[in-house]
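>>> Return atomic coordinates for the entry below.
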Amino acid sequence: MNETLLLTAEKLSLNRDLRFGRSYRGAFVVKNVPAQTYLTVTPQQWAVAQEFMEPSTVPDVLGRMIAQRTCPALNEFYEVILKAYDAGILHEGKNVPFRRHAVRWFVSLPVYLTLVVSVVALLAALVAMILHEMPTPSEWQDYVWGWLAMCIGLSAGYAVAASVLSAGDNEVYRPHFHWQTLVPHFALDLRDVRMASSISQLAAEYGRFAPLAIIATAALLMESSWSLFPVVALLVVLRPVDGLFGRTATLLRRRPRLDTDYHLLFTLNHEPGRRLKIVWRQFDWRATAAELGFGLGWALLTANVIFHLLHISIRATLCDIAYWKMIAPYLVGAVALVGLGWCAHEFWPTVRTGLRTLVSRSQQRWQRWHANVEPTYTEATIRQLIARNPLLRRLDTETQAELAHLLRPFTTKAFRPIISSDESFDQVGLIASGFASAYHRLKSGRRAFAFYLSEGDIFGVNNIVDGHSQQLEVRSKTPVFAFVLSAADFERLVVSKLGAEMVYNLTHKVPFLARLSLCAHWGPQAIARFAQLSQMVKYHKGDVVLRENDDVQAFYIVYEGSVRAMHGSKRLSKIRRGGFFGEISLLQNGAASASLVANEETLCLALSKADFLRFVRHNYYVALTLERISSKRLGRPIFPLNPHSIDAYKFSPVG
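As a prediction, this is how the structure comes out:
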């Protein structure tokens, strides 16, 4: 599954062969009948899938839901779509073949009666394990009879569970003999239990292990020497993690376990902040208390069986304070290991990504500072450098070849001026290795920081291209190795063919945007697209950029200068270079809750409302970034929106 393609360009449709399970605490299960796949969702999440009743792309659906003010949290929005696509509930219009057909199960068992009998059988087995000594197998016949008892108990359990499902009009799939295990047994596919009511699910789960519990109880009461095997099998199926006790605790949750809460498919949901929110959202004190209680009980029950086999009194051991003092460090260590294992399981994708990023950046910094000799570049590597540049790769092949032929090496040490106001610089450079900073001069003569330059960026573009401010001064921050050519050749080969506006966008706007916190995790294509779509707008001191209670028609980023936010005559805050505003009103389809006035001569990058919404819809990382920042400014999640209200916010710029 290509996540980027699916969430940006693929046209998806809602599968028509669906069946809906019973509602349980605000959630229900949707079944893709042909593929026999399931999805547990809330009505709000299902509303996202319903937007694909007519074939649509994900950006189109997001645009409609924002306009209708029905959009859920964006990470949940994308997760629902990916999970629905993975389950075949959303598809590209292809016919979904049947995975397997259901079978007719002739036996039906009453749900409540089965549940009562099963619970009694399990309780009887637990009491028998506590009160009765565990005989030790002595002959080979004991092992054979114990093994056969396990096979029969598991086979009968599947038959009981299938009979419960049949009574509730649920499907039974794939009856087969599971012989490729240590305990061969008759088995069925019981996944359709997700479609049943909570009582039916409990009856099916407990009924599946009731025959094994009955066999274990009878064997212990008769003191049969083969009783060890069914008892061990029962302990295994009762385990607190992914066993009967664990599933029982899950059914006690106030909030049902949704498919969007685990086995996450959306890549950005593995980021630490979002992952922690999802984990915290799953926390339920009742279910957690039940899981801990079941786990402790299971551990004591297992210890009781083991101590009986070793002919050690468990009561005496439990009362031995010296023994507990001795093993206390081991118990604490075991709990810590379990906790570390859980953290590793939950956050390993995030940790792996972070480590890779850290290693990559460390290697890059090392290479910048410790290159003792001038790097060797062939014409082929120069062409690769050109092909990676967002501006130069737009040139035709012959022009790129001529450009590669004209480029000449250029080196400078750290903290040296590359372009200064004191000396003329009639060349244009393409950085191959190194880090530099660009500055512009204010009318007062003071030097003001503009943006950083690094590998792949272009410097030295002349004043014909930069029509908005003076020529930028550039100073190296590390040793810099670049390729340069004359300004005249650059104008002839690049500016005349691509246009001054595009050259300015991709040589000035892109480096400026790439270093903003807003765009820190945007892809290069998204940054280049924003640079092309945005327009440079100039405001004089005192000009009103946005007026309170007016409709917001653009998203703004301060490129030079600053603006102040006003509520009536009260000054709220000052937005400096790199700050941005307007995104909350655009995402909420609402009016401005504050006036924005230019504090000095100011340049802003402005993106129109239509272009902003289209850009956000087609770039999910951008959408999630803006959602996070908007929620921080509001002091609460911006999504889901209330369809019947326009939310105001106290302006607090983040940038």
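>>> Please tell me how far residue 28 sits from residue 615.
35 Å (CB to CB, to the nearest Å). Backbone N, C-alpha and C define where each C-beta goes, glycine included.
>>> same check, this time on residue 148
Relative to residue 615, residue 148 is positioned 67 Å away (criterion: CB to CB).
>>> So which of these two has more stuff around it?
residue 615 (20 against 14; other CB atoms under 10 Å).
>>> which outside residues touch the one helix or strand the more buried one maps to?
Here residue 615 sits within helix 609-618, counting by DSSP states H and E. Helix 609-618 is contacted from outside by 8, 58-60, 62-63, 66, 526, 529-530, 533, 552-555, 583, 586-587, 607, 622-623, 626, using CB atoms under 8 Å, 6 or more residues apart in numbering.
>>> buried sites along that helix?
In terms of neighbour count (16 or more other CB atoms under 10 Å), helix 609-618 has its buried residues at 609, 611, 612, 613, 615, 616, 617, 618.
>>> Is residue 534 in contact with residue 557, as I believe?
Yes - with contact defined as CB atoms under 8 Å, residue 534 reaches residue 557; the gap is 7.5 Å.
>>> Which neighbours do those two have in common?
residue 605.
>>> and residue 518, helix, strand or coil?
Three-state call for residue 518 (DSSP: H, G, I helix; E, B strand; the rest coil): coil.
>>> since we're on it, how many residues are nearby?
19.
>>> Who are the contact partners of it?
Residue 518 touches 557, 578, 580, 625, 626, 629, 655, counting by CB under 8 Å, 6+ apart.
>>> For the residue lying closest to the fifth one once chain neighbours are set aside, list the residues it contacts.
Distance criterion CB to CB, 6 or more residues apart in numbering; nearest residue to residue 626, sequence neighbours excluded, is residue 583 at 5.1 Å. By CB under 8 Å, 6+ apart, the residues touching residue 583 are 555, 612, 626, 629, 630.
>>> please redo it, this time with the cut-off set to 7 Å
555, 626, 630 (CB atoms under 7 Å, 6 or more residues apart in numbering).
>>> neighbour-wise, which of these leads?
Counting neighbours by other CB under 10 Å, the top entry in those is residue 555, with 26 neighbours.
>>> Looking at strand pairing, list the partners for it.
Beta-bridge partners for residue 555, by DSSP bridges, are residue 607.
>>> Restrict the helix or strand encompassing residue 275 to CA atoms and write it as CSV.
Using DSSP H and E, residue 275 maps to helix 272-282. Provided in CSV are the C-alpha atoms of helix 272-282 (Å, rounded to 0.1, in the frame of the first residue of the first chain):
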residue,chain,number,x,y,z
PRO,A,272,5.9,10.2,20.1
GLY,A,273,3.3,12.9,20.8
ARG,A,274,0.5,11.3,18.8
ARG,A,275,1.4,7.8,19.9
LEU,A,276,1.2,8.8,23.6
LYS,A,277,-2.1,10.5,23.1
ILE,A,278,-3.5,7.3,21.5
VAL,A,279,-2.1,5.2,24.3
TRP,A,280,-3.6,7.5,26.9
ARG,A,281,-6.9,7.5,25.1
GLN,A,282,-7.1,3.7,25.4
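>>> Need phi/psi at the spatially most central residue of the chain.
Note on the chain: the residue nearest the mean C-alpha position is residue 269, at 1.3 Å, using CA atoms, centre = their mean. Main-chain dihedrals, residue 269, degrees, to the nearest 10: phi -70, psi -10.
>>> wait, what's in contact with it?
75, 79, 275, 278.
>>> okay if I get those as TSV plus neighbour count?
Putting these into TSV (neighbours: other CB atoms under 10 Å) gives the following:
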residue	neighbour count
75	24
79	25
275	18
278	20
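>>> ok, now which ones touch residue 630?
By CB under 7 Å, 6+ apart, the contact list for residue 630 reads 583, 584, 587, 638.
>>> at 6 Å what do you get?
Going by CB atoms under 6 Å, 6 or more residues apart in numbering, residue 630 touches 583, 584, 638.
>>> quick one: which of these is nearest to residue 292?
When the contacts of residue 630 are compared for distance to residue 292 (CB to CB), residue 638 wins out at 36.2 Å.
>>> Tell me how many other residues crowd the closest one.
23.
>>> could you measure it against residue 585, distance?
Counting by CB to CB, the separation of residue 638 from residue 585 is 11 Å.
>>> Repeat that for residue 595.
12 Å.
>>> Counting neighbours, go ahead and name the busier of the two.
residue 585 (25 against 21).
>>> OK, contacts around that one?
By CB under 6 Å, 6+ apart, the contact list for residue 585 reads 552, 592.
>>> ok but it is inside a strand, no?
No - remark: residue 585 does not belong to a strand; assigned using three-state DSSP, it is helix.
>>> per the record, what domains does this structure have?
In the domain annotation for the chain, the residue ranges read 3-91, 320-364, 379-515, 531-634 (automatic domain parsing).
>>> rank those domains by mean pLDDT and give me the bottom one.
For those, the bottom mean pLDDT is recorded on domain 320-364, which sits at a mean of 79.
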